[in-house]
Each structure stands twice: as structure tokens, then as C-alpha cells.
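J.: take this sequence and fold it.
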Amino acid sequence: GLLNSITSMLGMENTFDSKLNKVVDKLEEFQREIQSLKALFQNPEATEFIIVTIPTQMAVRESERLVDSLKTQQIASKHII
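T.: Residues are numbered from 1 along each chain as shown. Got it, this is the predicted structure:
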């Protein structure tokens with residue numbers, strides 16, 4: 001396309017491809033790290049969230065939403081203080 005034509009005319013095609021490959025590599029590395037972290041959070045032998053709140057309507061509602069969200073993500077949360 002137009003971008004390839006411009007980078008080719010300016011002699012930057014190798015620079016652009018190199019930068020693009022570095023970005024893709026970083027994104028793939030980030031994805032692996034996130035998947036590893038997700039597996040850790042979903043392992044009830046290793047991780048459990050303990051929710052601490054205060055006795056107000058707003059705080060209790062926020063805690064309820066947090067419990068629902070953790071359940072959706074299959075993350076253990078058995079205690080609320």
C-alpha cells in the first residue's frame with residue numbers, strides 16, 4: 001500500500017519491519033505473561049481473594065460486584081470482611 005511505497009522510497013522498509021517485529025514480539029511476550037498470571041489467579045491452591053469492605057450501601061454493592069466479577073473469571077473468593 002501507500003505506507004510500503006513511502007517507506008521503500010525513503011529506504012526505511014527494513015527499519016519499519018524491524019520495529020513492527022519488535023512490537024509484535026513484545027505483545028506476544030505480554031500475552032504469555034497475562035496468561036500465566038490468569039492461571040495463577042485461577043488456581044485456588046495458590047491464590048484466594050479476601051474482600052475487605054466497610055458497612056455502607058455503596059461499599060457493600062461494590063464488594064458484591066467484585067464477587068460476581070471474580071466468579072465470572074473463576075477466581076476464588078470465599079471470605080468477605
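J.: in terms of secondary structure, what does the biggest helix by length in the chain contact?
T.: Criterion DSSP state H: the longest helix present in the chain is helix 13-41. Contacts defined by 3 or more CB pairs under 8 Å, 6 or more residues apart in numbering; DSSP states H and E place helix 13-41 against helix 2-9. In short, each C-beta sits where N, CA and C put it, glycine included.
J.: and the helix it packs on, average pLDDT?
T.: Averaging pLDDT along helix 2-9 gives 68.
J.: sorry, back to before: show me how far the longest helix of the chain is from its chain's centre.
T.: 12 Å (CA atoms, centre = their mean, to the nearest Å).
J.: contacts for stretch 28-42, please.
T.: 46-47, 73-75 (CB atoms under 8 Å, 6 or more residues apart in numbering).
J.: nearest to residue 17, of those residues?
T.: residue 73 (37.0 Å; CB to CB).
J.: burial count for the closest one?
T.: 11 (other CB atoms under 10 Å).
J.: give me phi/psi at it?
T.: With angles defined as degrees, to the nearest 10, residue 73 sits at phi -90, psi 0.
J.: per-residue pLDDT, it?
T.: Note on residue 73: pLDDT of 91.
J.: before we move on, what about residue 12?
T.: In this prediction, residue 12 has a pLDDT value of 64.
J.: same thing with the one 3 residues further on?
T.: Among the per-residue scores, residue 15 shows a pLDDT of 73.
J.: circling back: can you pull the buried residues of the longest helix of the chain?
T.: Buried residues in helix 13-41, defined by neighbour count with 16 or more other CB atoms under 10 Å: residue 41.
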